[in-house]
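1. Got a predicted model here, sequence first, then my questions.
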Amino acid sequence: MADKFILIDGNSLLYRAFYALPLLHNSAGVYTNGVYGFLTMFNRVLAEIQPTHIAVAFDKDRSTFRNELYSEYKANRSAPPEELGGQFQLLRDVLAALNIEYLEMQGYEADDIIGTLSKKAEEQGLKTVILTGDGDALQLVSEQVEVLLTKKGISEMELYDPQGVKDKWGVEPEKMVEIKGLMGDASDNIPGVPGVGPKTAMKLVQEFTSLENLYENLPQVKGKKLVEKLEQNREQAFLSRQLATINRDMELDFSIEDYVMREPHYPELLELYRSLEFNNFLKILQEKEREKGMAPLKQEIEVLFLEREEDVTALLEEIKQGESVALYFQSSYHHPMWASLQGVFLEYSERVYQLKLEAGDDYKLQWIKALLESAVIKKYLHNAKFIQVLLLRHGIELRGVAGDTMLLAYVDDPAFEGDELDACLKKHLQLNIAENNLAALVNTIRELYFQLEGQIPAELRELLQEVEMPMSEVLARMEFCGVKVERSTLARISEELASGIAGHEERIFELAGSSFNINSPKQLGKVLFEDLGLRVIKKGKTGYSTGAEVLEELYQEHEIIAHILNYRQLSKIKSTYADALQELIHPETGRVHTIFKQAQTATGRLSSVEPNLQNIPIRMEEGRRIRQAFVAPGPDWLIMAADYSQIDLRSLAHISGDERLIETFKSGVDIHTRTAVEIFHVPVEWVDSELRRRAKAVNFGIIYGISDFGLARDTGVSRKEARKYIDNYLNSYPGVKKYMEDIVEFGRRHGYVETLLKRRRYLPELNARNKMVQAFGRRMALNTPVQGTSADIIKLAMIKVDEEIRKRRLQARLLLQVHDELLLELPRTELEEVSGLLRDCMENACSLKVPLEVSLKTGPNWYEME
DNA sequence: GACATCACGC
DNA sequence: GACGTACGTGATGTCA
């Protein structure tokens, strides 16, 4: 790549950053916002420009050659505020640690240094970008030199090339000083010609090109007043031009090598960032350094090909009982029910073997069936569930899985995003797999497993072995089984929806007076708020907000709103459910097979994708009908749903140990009614549906760590009233109040919070300096143990249910988990036994301070259930 | 392809 | 003066 020089006006940028950001300081009280903002802009621009050379220029002090010319120069500038003053030296320190040259010269401004350097760079054929907030630099723009001007805040900038300057000012860059000479510059106290502003100055320079030429031809200038003013201020104009002209011929010993980009001095930089508490810069820096220090992976790995059955037999004879292998399967797609196998890599005793599987090679897979099904040969894999489902399609039951690096990495840190093997290797072994070297990959699996397993606390090892690993097998069976979905039912619903949608669409266009794309928030916003002139309630980043919340407020104001809301609802159901689900019915099974992601959520919950079967509509009747398509697989079969009642509140009761909450669940009274009695101070017979609804919202809010603001919005009462409800709640349930205080304190002290089964979630946010981030961390600290405990409980229940069904050799099968609900299919003949078994396994999944209650429903499909 | 907006579930 | 319930996935439009 061609060499590129970036020249930064340190003063200008620091000022800009200082005023753009709130006054931040570290815990020692040192103000840091200017330096912080400088570095933010600096990093962004560096990433964008990727310069090979760099220098930062500073003003030396306030007296320059310009003051000798004109004593009033910059006389209007007051000294920098106290909070900024100290940051100049701080910035110099940071630059020194970054190993970046900075320059300052007695009697000159940063501009002059930049002008001189850019001129010399130009002479040597170097492309230059000048980063500054000072528009004076535009005079330096040329074919070789571009200027990046800060516009607003610290994120908006504009890059000027010669055409850019011409577009904006109508003249060549070098004529900018002529304009300045005429119009002056208030910020530098350069007078110019009074009464001549940017517009007039531009016009004059366009016509006369220079001050000299202008004054020689003064009579040609139109406007008597203007000529008069120009005449009177002739000397001042020339002086102003001189002041505005950047000196490009300072005496500088310039050698381009002095400004080559160099590696920072890491120890100094780390120390500085630490003391300034620039935690995100620190993180980026450490990440970078670690990546550099990463051992290059042994890329040259000898791979032994298993081409004939005899090769495999020989290998299998070598692998003794109790020994272990690592496996890596190549597949064509990320969904095990839609993927085909392309190859198997096997690492044994530090040797790597490969079995290639082309289309029609399924028989080769049978060669290793005995190995895969052996319970005594230990296997280490990454995401064993995926392989298990894929193999089930080939009639192979994977057994003997001793370790799964994906699940291990998940219990180590559930917030880590990157369930892929290479991401885990990078994080835990500092290994960077540069290319897709699968032999190298399989060769690292066991090392990753043992190293990480050795690091995690014993409780997490237990969670992995006793919960997540068995869970993985249960989920594999559920995914492979799938759930029967009737295409014809979905098609019928889709058609009905289509006609409903068309009706709303027609009426919307009539009322709007034009047709447009209703699905486009942008176009819809224009119609509602510009064409129809409705009240603007909320604006987002990109324009008017048209969310349901906003539209509901406008409901009474225009007939169109109701149609839009209905249109939105129906088209959501049609596109996401009725239509998309049909495509996902598997041709071989006639069923829909989701993937339950087991290493996805920060709380320990599962998630469901392709399709997501955890968000099938239920609240609104129109959407609920989608459930009619989820059917039992035969006339003598049933769908059964088993719901935990109030599992999150029961988890909260257990964790907090609150006496009243525990007592309520033990006595079996309705929790929301009870809460209403407590927080509204009324006898139970006064609790009507409205009071119960509000109490329910409060209960909900408590679990989520809601604020008075959010509660007010959800219940429709005033914020003050909502505050009162929360206070009343906390007084009524003092154990919950204590829990909230304790869990946040625990999180601050330990850096994490944990669930019933000691699943951890790290919460660095709790100790953040940013108040918003901290509040966010607080809500997570409150919510995660509750939601995560519920997730733990249902996982335990699922393992028990699956175990029991298999032990009793029942035909009933687990199909889905929807956080607090299990869905099964079963022959009618097993109805009684499965009901008892489910209730038993779920209610006794674990022993809490409160009873767990389960409600069971059955029916021919997921819609008609009782 | 990344991002924002919207809407569905618990 | 804005902004504030947790955890998710997916369809669609917009803009680079």
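-> Great, that's in hand.
2. Show the contacting residues for the residue lying closest to residue A:651 once chain neighbours are set aside.
-> Closest residue to residue A:651 apart from its sequence neighbours, by CB to CB, 6 or more residues apart in numbering: residue A:789 at 4.0 Å. Any C-beta I mention is one placed from the backbone N, CA and C, and that applies to glycine too. Residue A:789 is in contact with A:651, A:654, A:655, A:755, A:756, A:757, counting by CB atoms under 8 Å, 6 or more residues apart in numbering.
3. For stretch A:100-120, which outside residues touch it?
-> So stretch A:100-120 is contacted by A:5, A:7, A:9-12, A:54-61, A:63-66, A:92, A:95-96, A:128, A:130, A:132, A:134, A:136-137, A:140, A:145, A:246-250, A:252, A:254, A:258-259, A:262 (CB under 8 Å, 6+ apart).
4. quick check, distance from that stretch to the centre of its chain.
-> How far stretch A:100-120 lies from its chain's middle: 41 Å, per CA atoms, centre = their mean, to the nearest Å.
5. picking that back up, cross the contacts of stretch A:100-120 against strands and list the overlap.
-> When DSSP state E is applied, the contacts of stretch A:100-120 are split such that A:5, A:7, A:9, A:54, A:55, A:56, A:57, A:128, A:130, A:132, A:145 fall in strands.
6. thought the second one was touching residue A:126?
-> No - here residue A:7 does not reach residue A:126: they are 10.5 Å apart, not a contact under CB atoms under 8 Å.
7. Would you mind giving the domain segments of chain A?
-> A:1-160+A:253-284, A:170-246, A:303-456, A:486-584, A:663-783 (automatic domain parsing).
8. got JSON lines for these, with distance to DNA strand C, mean pLDDT and mean neighbour count too?
-> Output for the domains of chain A, formatted as JSON lines (distance: least, CB to the nearest atom of the strand, whole Å; pLDDT from 0 to 100; neighbours: other CB atoms under 10 Å):
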{"stretch": "domain A:1-160+A:253-284", "distance to DNA strand C": "9", "mean pLDDT": "82", "mean neighbour count": "18"}
{"stretch": "domain A:170-246", "distance to DNA strand C": "25", "mean pLDDT": "77", "mean neighbour count": "17"}
{"stretch": "domain A:303-456", "distance to DNA strand C": "7", "mean pLDDT": "91", "mean neighbour count": "17"}
{"stretch": "domain A:486-584", "distance to DNA strand C": "3", "mean pLDDT": "89", "mean neighbour count": "16"}
{"stretch": "domain A:663-783", "distance to DNA strand C": "2", "mean pLDDT": "91", "mean neighbour count": "17"}
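9. Go through the ones you listed and name the closest to DNA strand B.
-> Across those, DNA strand B has its closest neighbour in domain A:486-584 (3.0 Å, CB to the nearest atom of the strand).
10. Flag every residue of the stretch 501-650 of chain A that's near DNA strand B.
-> Contact residues (CB under 7 Å from any atom of the strand) of the stretch 501-650 of chain A with DNA strand B: A:521, A:540-542, A:545-549, A:551, A:565, A:568-569, A:572-573, A:576, A:614-620, A:623-624.
11. re the thing from before, the ones in strands among the contacts of stretch A:100-120: which two are farthest apart?
-> Pairwise distances across the ones in strands among the contacts of stretch A:100-120 (CB to CB) peak at 16.7 Å, for the pair A:56 and A:145.
12. ok, which stretches of the stretch 451-600 of chain A are strands?
-> Assigned by DSSP state E, counting those that start in this stretch, the strands in the stretch 451-600 of chain A fall at A:483-484, A:591-592, A:595-597.
13. The longest one and DNA strand C, are they touching?
-> Yes - using CB under 7 Å from any atom of the strand, strand A:595-597 comes into contact with DNA strand C via residue A:597.
14. list the contacts for residue A:84?
-> A:14, A:15, A:18, A:31, A:34 are the contacts of residue A:84 under CB under 8 Å, 6+ apart.
15. cool, and residue A:589?
-> So residue A:589 contacts A:337, A:482 (CB under 8 Å, 6+ apart).
16. make it 10 Å
-> A:337, A:393, A:480, A:481, A:482, A:483, A:484 (CB atoms under 10 Å, 6 or more residues apart in numbering).
17. Scan the residues you listed and report the most crowded one.
-> Counting neighbours by other CB atoms under 10 Å, residue A:483 leads these with 24 neighbours.
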